[in-house]
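> Below is the structure, and that's it, no one-letter string:
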């Protein structure tokens, strides 16, 4: 009987899928049932190859070897994850496996995790996509009842791959350039560097901040205090002359209370954290 291989991203998710799909038999890196075999990655099992895999000269950190721009990006199995990759590959090569369900996280990185494993393992058979954002029994069953062709998510994979290539090209080249030029261990990255720049700019604003005096005009009445506000609801007055002018104008005058608004507000305690919601 032909079986469907289900590829999850994390062992914990794989166990939930296996339980719902009735996969009780445990093997080396997989769980098996009558119709399904569930296997898993450990996050990324495959990554872009390091510079020295393209050119031996790129192994040395030297300005003369920059920029490093491979004609075609290659992938390699992450050494620490080699055992699990071989376990996944073994299931993909089974004769009784007819198709694959990509059940990695529903997002760009999850798509990349699965596609690179499939590409590296040489998967050529049909593939479908499970797209769920919760691991409840109901969500899993509904997800498997509405599987979509993996090709529908090709653009998501291309987007994730482009992100990874950008990280490689920008991160490795600029990091090496900075380190070699300044003879110091400096790093740069596609996300890291602009994020750090935002923090630095904000810190600079804080350090350059000059406190400014302001005034407010209030009157103590029977049982409460009233504060003057302008048409925009702003109570701060940055001109001392304007503040005193307002005080002199209002001194001795009679105030008229024209409206009272009472609003009851209730703030419920925050809900407990949900792991899936945090990941999304």
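Perfect, thanks for sending it. Source: prediction; values computed, not measured.

> so residue 24 makes contact with residue 30?
No. Counting by Cβ atoms under 8 Å, residue 24 stays clear of residue 30, with 12.0 Å between them. Where C-beta positions appear, they are placed from N, C-alpha and C, glycine not excepted.

> Among the two, which residue is more densely surrounded?
residue 30 (22 against 11; other Cβ atoms under 10 Å).

> who's in contact with the more buried one?
37, 38, 39, 40, 87, 88, 91 (Cβ atoms under 8 Å, 6 or more residues apart in numbering).

> Drop anything exposed from the residues you listed.
By neighbour count, with 16 or more other Cβ atoms under 10 Å, the contacts of residue 30 hold 37, 38, 39, 40, 87, 88, 91 as buried.

> Looking at those, spot the one nearest residue 11.
Checking the buried ones among the contacts of residue 30 against residue 11 with Cβ to Cβ, the nearest one is residue 40 at 5.2 Å.

> shouldn't the closest one be in contact with residue 10?
Yes. The pair residue 40 / residue 10 is scored as a contact, 6.3 Å apart, by Cβ under 8 Å.

> same for the host helix or strand of residue 138, what does it pack against?
In this assignment (DSSP states H and E), residue 138 forms part of helix 137-145. Under the contact definition 3 or more Cβ pairs under 8 Å, 6 or more residues apart in numbering; DSSP states H and E, helix 137-145 sits against helix 11-21.

> ok, then the element right after the helix it packs on?
Using DSSP H and E, the helix or strand that follows helix 11-21 in sequence is strand 25-27.

> need the next SSE after that following strand, C-terminal direction.
Sequence order places strand 30-32 as the next helix or strand after strand 25-27, per DSSP H and E.

> What pairs with the helix or strand following that next one, parallel or antiparallel?
Counting by DSSP H and E, the next helix or strand C-terminal to strand 30-32 is strand 36-40. Pairing partners of strand 36-40, with direction, according to DSSP bridges: strand 3-8 (parallel), strand 30-32 (antiparallel).

> mind putting the contacts of residue 30 in CSV, distance to residue 260 and pLDDT included?
Listed next are the contacts of residue 30 as CSV, based on distance: Cβ to Cβ, whole Å; pLDDT from 0 to 100:
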residue, distance to residue 260, pLDDT
37, 70, 98
38, 64, 98
39, 67, 98
40, 63, 98
87, 72, 97
88, 69, 98
91, 72, 98
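
> who touches residue 179 in this structure?
61, 185, 186, 187.

> And the helix or strand containing it, what's buried?
Per DSSP H and E: residue 179 is located in helix 154-182. By neighbour count with 16+ other Cβ under 10 Å, helix 154-182 contains the buried residues 156-157, 160-161, 164, 168-177, 179-180.

> Stretch 271-278 too?
So, applying 16+ other Cβ under 10 Å, stretch 271-278 has no buried residues.

> How about stretch 188-202?
Result for stretch 188-202 [16+ other Cβ under 10 Å]: buried residues 188, 189, 190.

> Between these, which has the least confident prediction?
Within the set of the buried residues of stretch 188-202, pLDDT is lowest for residue 190 (85).

> measure the closest residue to that one other than its chain neighbours to residue 53 for me?
Among residues not flanking residue 190 along the chain, residue 170 sits closest, at 4.6 Å (Cβ to Cβ, 6 or more residues apart in numbering). Going from residue 170 to residue 53 by Cβ to Cβ, to the nearest Å gives 19 Å.

> which residues of the stretch 101-250 of the chain fall in helices?
Assigned by DSSP state H, counting those that start in this stretch, the stretch 101-250 of the chain shows helices spanning 108-121, 137-145, 154-182, 192-208, 240-250.

> any idea how far residue 173 is from residue 184?
17 Å.

> now swap in residue 194 and tell me
16 Å.

> May I have the phi/psi pair for residue 261?
phi -120, psi 130 (degrees, to the nearest 10).
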